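Undergrad: need a structure here:
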Amino acid sequence: MPGTRSKDYTLEREKSSEVDKRIEAQEIPVYMERLELSEEQKKRIVDEILEELEEIIAERETEHMDDKDDALDRQYEGVMQEDERRQFNLNRRVTKIKVDKVTSLIMQAIFDSDPKISVSPRPEFAREGGQDICDSQSDYLDYSLDNLPFRAPFGMAVHSGVLKGLGYLKLFHEIEQVDRRREERYAGIVYGKDESGNNVVIDDQGLKEFLTNYPDADKRYPGLVKDIMEGKEINIISKYKETIYNDPMPRCVNKKDLYVRKSAEGYHGMKSQKLLAERKTYQWWELEKLERNEQFYDIDKLTYEAAKQGAESKRVKKYKNKEYEIFECSFFTKLKESDEDYTRGIFWINKEKKLMIGSILYPYFSVDCVYFPIIISKKKAGLYQAGVGEDLTDTNIAESAILNFVLEGAYISNMVTPIVEKDSELERQFLEKRWAHGIPLNAKAGQVDFLQKYMKPPDIQGLLLLMQQLLQTDDDVSRVSSLMSGRETPLDPTAPAQKTLALLQQSGIGVKDYIETMAPCINEIFNAFLQMQYQMSKEGRKYKPRTQAVVGRDPFKSISRNAMVARTNIQTQAMAFDFDKQNEKREDLALYQVLRQELLIARNPNAVYAILKNIIKSWSPKWKNNIDTILPPLEEFQKEQVMTALKALALYAQQKQQDAQITGLPQEMKAEEFLPMMNDMVAMIATPPDKEAIKAQEANA
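TA: Okay, the predicted model is just below:
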């Protein structure tokens, strides 16, 4: 969240380098201010980065972190070392089952909640009428999560966090432009004659469309404008750059590819790290494109082999088909050794050649770190934690061994293994596979013997019971039940439903604990998204609000730049997600039946409307999509209440007029008489009176 601004501040005009001006001329927002460095500065900064990077690598090697991650990947994928002495070498795949289930439940809670994000005003902001801005932020974030590519990279980061204890989501602003070609035709102006014989324009639609698409065409292409004005149709091929993406881009970063000190405490600890280095791979054509856009430089130096002293460097063969490992480093350094303060920049370096190929100032004003650690369980100090995969390692090995023993026992029990004399007719009959059940054995009586006769029958039942115990251990360790439904109990017909509910509640409690650990970082991601949009946008952004917030025919609203960075509390609603949808429906219906009996609710149409809307939305996606055909839009419903109140006023005035005619005296309009009448009529919109009450009213009248 943005901090309170200090009274001690300075202001200066934003400056742009010549490179920045050229980028801006391409209509790309300038937010990457290039650092122009001397060769001596480049060498010194590269040496500083590599020294810090080597220390981080040493930390990871001491803890065998990369080896552990590789082992967990193999464990998840079911890869195991084959034992040639065993008949079967199968993996139980319990790690994949549990990790996928936990990941799926977490993603369901984060992305299927409605709303996904809750935004509330801070105390000082609430006094200024900030609830409208909070609603705008909430709707805009919900809209962005639905329409930007958030789910896939977020799911990969959560998967890594569940399996390995740590995953990374990177959020950075991305501008993607592509070259387009389009054939266009514009009709010439059609002229006619007026009554005086003068030329008049009958149809100039072609000219209007042309100047709308190309406002400066009269200066850049006057000949085309002249042809249209002379009534000629023009056929042109338009070549242009189209911006197909201009928003914050989420991306999952492999845990092994991000180098950070292990002592960093979560996201807040990563903000202040001297070095954050992400290992990336570029193809040559990508490097060329970035150099043409003046984001990289000196990329040719990557393609030369180190030469011996006195010899000339040679270019690597097929260098255009190779991939190049580059570290993108967020690093605090002194641009000049005499500087007192450190400057934060982004530097792209090649570790092998100790070469810098790109350098910019850190581009984001209010986002201190673009890497967000996804951690589901915090059990020890530091960044690296144990995930569900590590907790399941022992039982995964044990269950795989038992599975193979059971299969081998069943195989042995059902496979005939005869004991025969060497080179006998019986041996040849078995080896040549000329025997099957029902075919006589070519042997004398008493010569046929089988190995199974001397072997102890395998205890398959005992192994399966042991497997069941290990499965229960998996549930306890992962805190997610492997069972999705209860079992039959002869003494209790309702047992399956009750057991299912208990299992879902058990899984929900465990997953909510994981989400609670993740929630602060998720909230930081949403806040960073708004901060980036504020910095990169020159004006507000349009979005589609939730259905109940739509007013009029225009389904879109706008959020201003200032509203994006208003001081609010942003919180994910994943903690409130109900994993048991059937139980949620029963609870909603029970609550509805209770509340409808309360006069405070029954006489309040808005309360009844809100309850019905919530029940329909949570019932199923089918009914959620049809909610507007079942209930009237909120604006129309409120208009109906106003019209009913006006109707009540008209009836009250008519009644007073009739009383005045009967008594011959002027009648005074009294609020204490009118308001109860109006409230009764408005309440009838949601709760019509029963027949007995209507009869009583008629009798009193």
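Undergrad: please report how far the nearest residue to Gln177 once chain neighbours are set aside lies from Thr103.
TA: Across the structure, with CB to CB, 6 or more residues apart in numbering as the measure, the residue nearest Gln177 apart from its sequence neighbours is Lys241 (4.7 Å). Every residue, glycine included, has its C-beta placed from N, CA and C. As defined by CB to CB, to the nearest Å, Lys241 lies at a distance of 39 Å from Thr103.
Undergrad: buried stuff in the helix or strand encompassing Gln41?
TA: Here Gln41, judged by DSSP states H and E, is contained in helix 39-62. Residues of helix 39-62 classed as buried by neighbour count (16 or more other CB atoms under 10 Å): 41-42, 44-46, 48-50, 52-53, 56-57, 59-60.
Undergrad: what's the farthest-apart pair in these?
TA: When the buried residues of helix 39-62 are compared pair by pair using CB to CB, the farthest-apart members prove to be Gln41 and Arg60, with a separation of 28.8 Å.
Undergrad: neighbours of Val165, how many?
TA: If you look again at residue 165, you'll see it is Gly, not Val. Burial of Gly165 is recorded as 26 neighbouring residues (other CB atoms under 10 Å).
Undergrad: how much space between it and Glu278?
TA: According to CB to CB, Gly165 stands 19 Å off from Glu278.
Undergrad: so Asn442 touches Phe430, yeah?
TA: No: here Asn442 lies out of contact with Phe430, judged by CB atoms under 8 Å, at a distance of 10.4 Å.
Undergrad: quick revisit: and the helix holding Gln41, what does it pack onto?
TA: Using 3 or more CB pairs under 8 Å, 6 or more residues apart in numbering; DSSP states H and E as the contact criterion, the secondary-structure elements in contact with helix 39-62 are strand 258-259, strand 275-283, strand 323-333, strand 343-350, strand 355-361.
Undergrad: dump the helix or strand that it is followed by to PDB, keeping only the CA atoms.
TA: Reading on from helix 39-62 to the C-terminus, the next helix or strand found by DSSP H and E is helix 65-77. Included here for helix 65-77 are C-alpha records, laid out as PDB according to Å, rounded to 0.1, in the frame of the first residue of the first chain:
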ATOM      1  CA  MET A  65      18.100 -26.100  -3.300                       C
ATOM      2  CA  ASP A  66      18.300 -26.800  -7.000                       C
ATOM      3  CA  ASP A  67      18.800 -30.600  -6.400                       C
ATOM      4  CA  LYS A  68      15.800 -30.600  -4.100                       C
ATOM      5  CA  ASP A  69      13.600 -28.800  -6.700                       C
ATOM      6  CA  ASP A  70      14.700 -31.300  -9.400                       C
ATOM      7  CA  ALA A  71      13.800 -34.200  -7.100                       C
ATOM      8  CA  LEU A  72      10.400 -32.700  -6.300                       C
ATOM      9  CA  ASP A  73       9.700 -32.300 -10.000                       C
ATOM     10  CA  ARG A  74      10.600 -35.900 -10.600                       C
ATOM     11  CA  GLN A  75       8.400 -37.000  -7.600                       C
ATOM     12  CA  TYR A  76       5.500 -35.000  -9.000                       C
ATOM     13  CA  GLU A  77       5.900 -36.400 -12.500                       C
END
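Undergrad: tilt between helix 65-77 and helix 39-62?
TA: For helix 65-77 against helix 39-62, the angle by axes from the mean of the first three to the mean of the last three CA atoms, to 10 degrees is 60 degrees.
Undergrad: mind listing what's buried in helix 65-77?
TA: If you call a residue buried by 16+ other CB under 10 Å, then helix 65-77 has these buried ones: 65, 68-69, 72, 75-76.
Undergrad: let's have the residues you listed in JSON lines, adding distance to Ile346 and pLDDT.
TA: Supplementary listing: those in JSON lines, determined by distance: CB to CB, whole Å; pLDDT from 0 to 100:
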{"residue": "Met65", "distance to Ile346": "25", "pLDDT": "94"}
{"residue": "Lys68", "distance to Ile346": "29", "pLDDT": "95"}
{"residue": "Asp69", "distance to Ile346": "26", "pLDDT": "95"}
{"residue": "Leu72", "distance to Ile346": "31", "pLDDT": "95"}
{"residue": "Gln75", "distance to Ile346": "35", "pLDDT": "93"}
{"residue": "Tyr76", "distance to Ile346": "33", "pLDDT": "94"}
